Each structure stands twice: as structure tokens, then as C-alpha cells.
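In: 3D model of this:
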Amino acid sequence: MDINISENLKRIRYNVEEAKAKYRKSDDIVRIMAVTKTVPYERVNEAVREGITLLGENRVQEYLEKKDFYDKNAEINFIGHLQSNKIKYIINSVTMIHSVDSFKLAEEINRQAEKNGVCMDVLIEVNIGGEESKSGVSVDGLEELLYSASQLKSIRVRGLMTIPPVGRSEQSFEDMRGLFENMKAKRIDNIGMEILSMGMSSDYELAVKHGSNIVRIGSGLFGARK
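Out: Numbers count the residues shown, from 1 in each chain. As a prediction, this is how the structure comes out:
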């Protein structure tokens with residue numbers, strides 16, 4: 001069956017607006033990110049033509065193979081697990097890295113950014129469910145990581161990101177919102193808490209309810225991965 005990206009995007013936008021109407025202020029901005037893992041660049045560009053302005057890349061190698069073919073009207077964030085030795089390949093072409101989960105990784109991003117004369121926006125990935133199978137800093141380790149990252153001059157922490165445990169989205173999103181607000185209240189120098197990136201195809205409406213302002217949609221937009 002052919003996947004209708006235009007119709008899918010209309011439905012997603014409608015659902016986001018409905019969640020905002022119920023739970024958020026009318027002028028809150030929630031960005032819909034198209035997650036492009038395994039999606040051919042032609043389909044990604046179709047989504048951009050329909051109004052998508054933000055793409056999320058999971059794998060460095062796949063991104064490098066597709067990036068030159070992408071519509072230049074969309075900005076690109078890196079959202080997948082990132083190895084330190086791959087940072088140099090993306091430092092000049094993505095606008096934000098969502099998956100910083102250690103000071104070591106933050107230091108290397110900072111080093112590569114300084115080397116290339118840029119300042120890289122990043123989000124700190126939080127392992128909100130304490131799952132051993134997932135990356136992300138622990139809840140208990142978040143504040144220390146933020147204070148350490150605040151000393152780095154070529155990265156700019158903009159907020160937090162998480163992927164909740166299966167079946168525990170609502171509680172996890174509620175916990176993340178509290179954590180986000182708590183960190184914002186600390187007003188750490190050089191640390192911004194403007195972005196809360198959470199919610200995917202199966203739970204983005206709940207994420208909007210609990211304060212997310214970037215939802216990451218893959219299968220809901222492009223259909224199930226092959």
C-alpha cells in the first residue's frame with residue numbers, strides 16, 4: 001500500500017493541535033521532526049515539500065549517503081547514539097545533536113566544534129526509566145553533567161531529550177517535565193532549558209500534553225520501516 005505522506009502529516013498536525021488545545025497555551029510551538037531512518041531521500045523531500053522543516057538522523061553513515069540530496073529548506077538534527085569518532089563527519093552540517101549522554105561526548109563535540117569554528121547546539125539525553133539497554137545520563141547524574149557541560153565554550157546546551165520505557169510513556173513524560181522545570185529553575189550559566197524533545201509516533205500526543213516542543217515522528221509519517 002502506498003503511504004500518503006501528505007495525509008499522514010495532516011493527521012499528525014491535527015493531533016498535535018488537539019493536544020495543545022487541551023493541555024497547552026495556544027501560542028506554544030511544537031515542532032514536528034521527520035525521523036528519516038531507512039527512508040529514501042526522495043520520500044524525505046516529499047515531506048519537506050509538505051511543510052516539514054526539521055529532519056532527524058539516526059545513523060552517521062546513512063546520513064552521509066543522503067545529505068547532499070536533501071531539500072535545503074529543512075534543517076537537520078542528529079538524534080541517534082553518536083560515537084566520538086564520528087562527530088567530525090557531522091559537525092558542519094547538523095544544527096543540533098540530541099543524544100549527548102556523557103561529559104566525554106560533550107567534550108569531543110566541543111573540541112570538534114572549536115576546531116571548525118562553530119558552536120554546536122546540543123540536548124542532554126536522559127535515561128528516564130533507568131533502563132540498562134538504553135543510552136542516556138541517569139536522572140541522578142544529570143545535574144552534574146549540566147554543570148560540567150556549562151564550562152565548554154563551543155557547545156550550547158538547549159534542553160533535554162528522552163525515550164521512555166515501553167508502556168510507561170505518560171509517567172515518564174510527567175517525570176521528564178518535572179526534571180526539565182527543575183533544571184531550568186537552577187539557571188545554570190551557559191545552560192538553556194528551552195527544548196524538551198520527547199514523543200514518537202506511538203505517544204507524541206501524550207508528550208505534547210507534558211510539555212514536549214519537539215516530537216520525533218518516523219513510522220507515523222513515512223509508514224513502517226522495511
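In: and residue 189, that one's in a helix?
Out: No: using DSSP: H, G, I helix; E, B strand; the rest coil, the assignment for residue 189 is coil, not a helix.
In: was I right about it contacting residue 150?
Out: Yes: using Cβ atoms under 8 Å, residue 189 is in contact with residue 150, at 5.5 Å. All C-beta spots, glycine's among them, are computed from the backbone N, C-alpha and C.
In: contacting residues for residue 164?
Out: 128, 129, 172, 173, 176, 198, 203 (Cβ atoms under 8 Å, 6 or more residues apart in numbering).
In: one step back: which of residue 189 and residue 150 has more residues huddled nearby?
Out: residue 150 (15 against 7; other Cβ atoms under 10 Å).
In: got the contact list for that one?
Out: Residue 150 sits next to 157, 188, 189, 190, 191 when contact means Cβ under 8 Å, 6+ apart.
In: cutoff 6 Å now
Out: Contact partners of residue 150, counting by Cβ atoms under 6 Å, 6 or more residues apart in numbering, are 188, 189, 190, 191.
In: Excluding residues flanking it in the chain, which one is nearest the third one?
Out: By the measure of Cβ to Cβ, 6 or more residues apart in numbering, the closest residue to residue 190 outside its immediate chain neighbours is residue 150, 4.3 Å from it.
In: So what does that neighbour have for phi and psi?
Out: Per-residue torsions, residue 150: phi -60, psi -20 (degrees, to the nearest 10).
In: Pull up the gap between residue 147 and residue 104, please.
Out: 15 Å (Cβ to Cβ, to the nearest Å).
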